[in-house]
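# Sharing a model prediction with you, sequence too.
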Amino acid sequence: MNVVPICLRCRHLQMNRIGKSAWTCAAFPTGIPDSILTMKNDHRKPYPGDHGIRFEQRAEAPTTEV
């Protein structure tokens with residue numbers, strides 16, 4: 001089963017290539033942790049090192065699950 005990261009619907013997502021990672025955001029400017037990308041950790045809840053920035057739905061993002 002493929003997991004679609006919640007990050008794709010987040011207003012903080014930045015598609016920048018930083019080192020090995022192309023997935024960065026305001027909370028994780030050097031790369032989003034794999035445990036969030038694979039949905040092992042729900043980033044609507046606090047995560048170490050997120051600087052208090054968490055998932056926020058983009059206005060134009062679909063509200064239904066993919």
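It's in.
# residues of stretch 32-45 that come out buried?
Judged by neighbour count using 16 or more other C-beta atoms under 10 Å, the buried positions of stretch 32-45 are 32, 33, 36, 37, 43. C-beta here means a position set from N, CA and C on the backbone, and glycine is covered the same way.
# Which residues in stretch 10-18 does the neighbour count mark as buried?
For stretch 10-18, by 16+ other C-beta under 10 Å, it's 10, 12, 13.
# Could you list the paired strands of the helix or strand of the chain with the lowest mean pLDDT along with their orientation?
Within the chain, no helix or strand scores below strand 13-14, which has a mean of 90 by mean pLDDT, DSSP states H and E. Its sheet considered, strand 13-14 pairs with strand 24-25 (antiparallel) by DSSP bridges.
# measure the nearest residue to residue 59 once chain neighbours are set aside to residue 2 for me?
In space, and not counting its chain neighbours, residue 59 is closest to residue 11: 7.6 Å by C-beta to C-beta, 6 or more residues apart in numbering. To residue 2, residue 11 is 23 Å away according to C-beta to C-beta, to the nearest Å.
# next one: residue 51
29 Å.
# Compare neighbour counts for those two and give me the winner.
Set residue 51 next to residue 2 and count neighbours by other C-beta atoms under 10 Å: residue 51 wins out with 10 against 4.
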